[in-house]
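> Need a 3D model of the following:
(chains A and B)
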Amino acid sequence: MIEVENLKVNYGGIEAVKGISFSVPQGDIVTLIGANGAGKSTTLRTIAGLVKAKSGSIRFMGEEILGKDTVDIVSRGITLVPEGRRLFPDLTVMENIKIGAYLRKDKLDDDIEWIFDLFPRLKERHWQLAGTLSGGEQQMLAVARALMSRPKLMMMDEPSLGLAPLIVKGIFRIIQEINQRGVTILLIEQNANMALRIADMGYVMETGAITLQGPGKELLVNDEVRQAYLGS
Amino acid sequence: MNQLENRNAYMGLAGRMSKKRRRNVTLTIVFLMLLGAFIYCASKGFVLGTYEIRILRLCGVYSIAALSMNLVNGFTGQFSLGQAGFMAMGAYVTSLLIIPAAQKAAIYYVHPIVPWLKDVQIPFLFALLIGGLVSALCAFLIGFPVLRLRGDYLAIATLGFSEIIRIILTNAIPVTNGSLGLKNIPNTANLWWTTIVTAVVIIFLLRMMKTSYGRAFKAIRDDDIAAEAMGISLFKHKMIAFVIGGFLAGISGGLLGSVVGAITPNYFRFTLAYEILLIVVLGGMGSITGSVIGACIVTIAKEKLRFLDAGMNLGFVKIPPIDGMRMLVFSLLLMIIILFYRRGLFGSREFSWNGLFRIIRRIGAWFGRLFRRRGHPEGGADA
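All right, here's what the predicted structure looks like:
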């Protein structure tokens, strides 16, 4: 569905991404894992058109999208759940959800119903200001908001950040549920254990380059990965 | 307050809500009828003198100016201080279009007016709209370079452009009569005019905030990067807010010219922008109700505090008459708001009848507790 080839991104004079290549097949969950500063977030932000790349190619459904602006990229069916949620705190939960469907002109009722099915908590709290939600609920809302654009590819930047283990489990269960509905997922995580468990394919990034790759289950038992990211 | 209404609207509590709704609609109609009756009596000279009516007309003018600034600063989160320039534009265009041809020769006694403006005179409504449109066009042209800036930089740039507009008005003497300004501007904008235009602007903005445009504005204010990631075009929406803000500021300037009857470029110095900013901050950034109430408070207080300018004898010390002494009160007020009440009177909330009734009930309950406690001193709060 998306093929990244030899992507290089400079960030204020520093080469943050040094020519990486990977692909996300349709219907899969693919994860990029790695430590802070490995260039994972930069990669996602480049795909979303929020950061300009230096060179390389990103093809989405066969078409080059590198250099296109974000509005164009979102309207093609790519959506980003940004790091740290980045909700609109002074808007209600409902308004946040509707903003997610900003580029759509058709009726939203069915989607809203689906989202409230997926996240009953949001239904209870749909009239509250998003800033008053708990961390877990905010992450749910960030996912819900992204789903409202009816994405083909959903990119998630550290959805487990700062959440209690039980809530992280819930979030990952929902990621799988969304994936089963036909949404392809590109997931960035520091929580390598959880991410690799649900991923069809995993890539390990270190200082701007991909050092290891393989099916999630294989990486989970790989010695290098275990030592560096799984703490055993 | 409006959060609760959203909740009820969604949950579809139709049966129970319709009663409340009917009550609110009735109250709104009664309020509008009372307002109409009041304006009618006032314009016939029954209740208020011309001085008081003039203050009320200015309340309308400043409300529109504050709403225009609030749209850009409070709702879209772009710190712009260009309002004075746009008001000047609207005021000059409207005034030049409504001053009768016979008067123009007398006004331009130093330097004659350009021939193509000499005989122009059109109805007030059209003049007002053209004034607004010219301001909007200015905002559009200025918007291209400045809307790429953020925060303080945007504020400085817009302030600069506003000063440029003022200096052009001072120096384009054949058109604007320079620093002598315009006088004998027909006094068309009576209390009906200012009130109805203000009401139209309020309704327009309330509606707009409920559309996807309104949500996009607020999303950009809350988090522009996230808004962009949702596919919202930042530049387009900032521009829309800025141009509509320019239009509204132009309208308020046009009304202002007609209310005060004489304008000079100096009327539109940056202090005017600060005055409007004070209104917006006092009322609450992002509250339409707040801007209107804030405009009324500041406009009325500015008149009522005139005695401070006249000098005072405090018994132990004598303060000589100083022009502008009353503005000190506003500086203090602004400081108090910033220090203790940062969200202003209304925050980002709006007036609603339900909210009003909740407050009345709460005050009622408070009084009830107070009296009960007096009745049974040993019973305490739990009685």
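
> which bits of chain A sit near chain B?
Counting by CB under 8 Å from any CB of the partner chain, chain A comes close to chain B at A:48, A:50, A:70-71, A:74-75, A:79-80, A:82, A:86-92, A:94-95, A:98-100, A:102-103, A:126-129, A:145, A:149. Yep, even glycine has a C-beta here, placed from its N, CA and C like the rest.

> Narrow these to those that are buried.
A:48, A:50, A:70-71, A:74, A:79-80, A:82, A:86-88, A:90-92, A:94-95, A:98-100, A:102-103, A:126-129, A:145, A:149 (16 or more other CB atoms under 10 Å in any protein chain shown).

> Please list the members of the residues you listed that lie in strands.
In strands, defined here by DSSP state E, the members of these are A:79-80.

> Next, the residue nearest to the spatial centre of chain A: phi, psi?
Nearest to the geometric centre of chain A sits residue A:156, at 1.3 Å (CA atoms, centre = their mean). When read as degrees, to the nearest 10, the backbone of residue A:156 gives phi -120, psi 130.

> List the residues that contact it.
The contact partners of residue A:156, taken as CB atoms under 8 Å, 6 or more residues apart in numbering or on different chains, are A:80-81, A:143, A:146, A:175, A:185-188.

> which among these gets closest to chain B?
Nearest to chain B, judged by CB to the nearest CB, of those is residue A:80 at 4.9 Å.

> I'd say the closest one and residue B:226 touch.
No - between residue A:80 and residue B:226 no contact is recorded; they are 9.0 Å apart, counting by CB atoms under 8 Å.

> Show me the contact partners of stretch A:5-21.
With contacts defined as CB under 8 Å, 6+ apart, stretch A:5-21 is touched by A:4, A:39, A:42-43, A:46, A:51-59, A:66, A:205, A:207-210.

> Just the buried residues out of the residues you listed, in ChimeraX syntax.
To isolate the buried ones among the contacts of stretch A:5-21 in ChimeraX, judged by 16+ other CB under 10 Å, type:
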select /A:4,39,42,43,46,51,53,56,58,66,205,208,210
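
> In strands only, show me the contacts of stretch A:5-21.
A:4, A:55-59, A:205, A:209-210.

> Export the residues you listed as CSV, with columns for pLDDT and distance to residue B:260.
Formatted as CSV, these follow (pLDDT from 0 to 100; distance: CB to CB, whole Å):
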residue, pLDDT, distance to residue B:260
A:4, 93, 63
A:55, 90, 62
A:56, 91, 62
A:57, 92, 63
A:58, 93, 60
A:59, 93, 63
A:205, 90, 66
A:209, 90, 69
A:210, 91, 69
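
> closest to chain B among those?
Of all the ones in strands among the contacts of stretch A:5-21, the one sitting nearest chain B is residue A:58; the distance, using CB to the nearest CB, is 16.1 Å.

> what sits against that closest one?
Counting by CB under 8 Å, 6+ apart, residue A:58 has contacts A:2-5, A:7, A:46-47, A:64-66.

> Show me just the buried residues among those residues.
For the contacts of residue A:58, a burial check counting by 16+ other CB under 10 Å picks out A:2, A:4, A:7, A:46-47, A:65-66.

> which one among the residues you listed gets closest to chain B?
Within these, the smallest distance to chain B is 11.1 Å, found for residue A:47 (CB to the nearest CB).

> Verify the stated contact: the closest one with residue A:157.
No - at 10.9 Å, residue A:47 does not count as touching residue A:157 under the criterion of CB under 8 Å.

> any residues in contact with both of the two?
Residues touching both residue A:47 and residue A:157 (CB under 8 Å, 6+ apart): residue A:80.
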